Each structure stands twice: as C-alpha cells, then as structure tokens.
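Q: coords please:
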Amino acid sequence: MNSVSETFNKAVADSRLLPEKPDNDTLLLLYALFKQATEGDAPEKGDYGMFDFKEKFKHEAWLQKKGMSSEMAQQEYIDLVQKLSGQ
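A: Numbering: from 1, shown residues only. Predicted structure coming up:
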C-alpha cells in the first residue's frame with residue numbers, strides 16, 4: 001500500500017497530464033495545496049512586486065491554507081487531481 005507521500009508525488013506527476021487545463025481558481029487551489037504540503041504555512045508577506053498580480057493571487061491562495069497539516073494538504077491535492085483526471 002502506498003503512503004500518502006508516495007501517492008502525493010504520483011498526483012503531482014499526474015497533474016501535468018490532465019485531460020483539460022483546469023480553470024484559474026482550480027489552478028490556484030492546486031498551487032496552494034502543493035505549497036502547503038511541501039513548505040507549510042505561507043509567510044504573511046508575499047515576495048512579489050506591486051504589479052505582479054499573478055504572484056499576489058497565488059500567495060493569497062496559499063495563505064488561505066494556513067494551519068493545514070502537510071498530510072491533509074497532500075490528501076486534498078490527491079483528491080482534487082483524481083477528480084480532475086476522472087478517477
């Protein structure tokens with residue numbers, strides 16, 4: 001049986017092979033879950049320029065996952081990739 005970590009790593013690889021590109025909100029959610037799973041809580045202040053809205057939105061999405069455990073973030077990421085791939 002695979003551990004959550006092994007299944008997460010497979011889901012990360014599978015996310016690059018999705019049949020359709022997810023919408024922007026889903027992409028932000030995937031990003032936030034990945035960052036929370038791999039790095040933990042986001043820093044309060046983001047490292048982006050005044051006009052870098054893409055990075056601002058990514059940072060804000062990650063901040064919404066504050067306090068979520070790495071294992072929970074991994075599992076939510078796995079579940080989302082499976083849903084997106086039709087599994």
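Q: Could you tell me which residues make contact with residue 75?
A: Applying Cβ atoms under 8 Å, 6 or more residues apart in numbering, we find residue 75 in contact with 4, 8. (Each C-beta comes from the backbone N, C-alpha and C, glycine too.)
Q: mean confidence for the strand or helix carrying it?
A: If you go by DSSP states H and E, residue 75 is part of helix 70-84. The average pLDDT for helix 70-84 rounds to 98.
Q: In that helix, which residues are buried?
A: Within helix 70-84, the residues that qualify as buried are 73, 74, 75, 76, 77, 78, 80, 81, 84, counting by 16 or more other Cβ atoms under 10 Å.
Q: residue ranges of the strands in this structure, please?
A: With DSSP state E as the definition, the chain shows no strands.
Q: Burial check on residue 14, number of neighbours?
A: By the measure other Cβ atoms under 10 Å, the count of residues near residue 14 is 16.
Q: So it is in contact with residue 78, correct?
A: No - taking Cβ atoms under 8 Å as the definition, residue 14 is not a contact partner of residue 78, at 9.2 Å.
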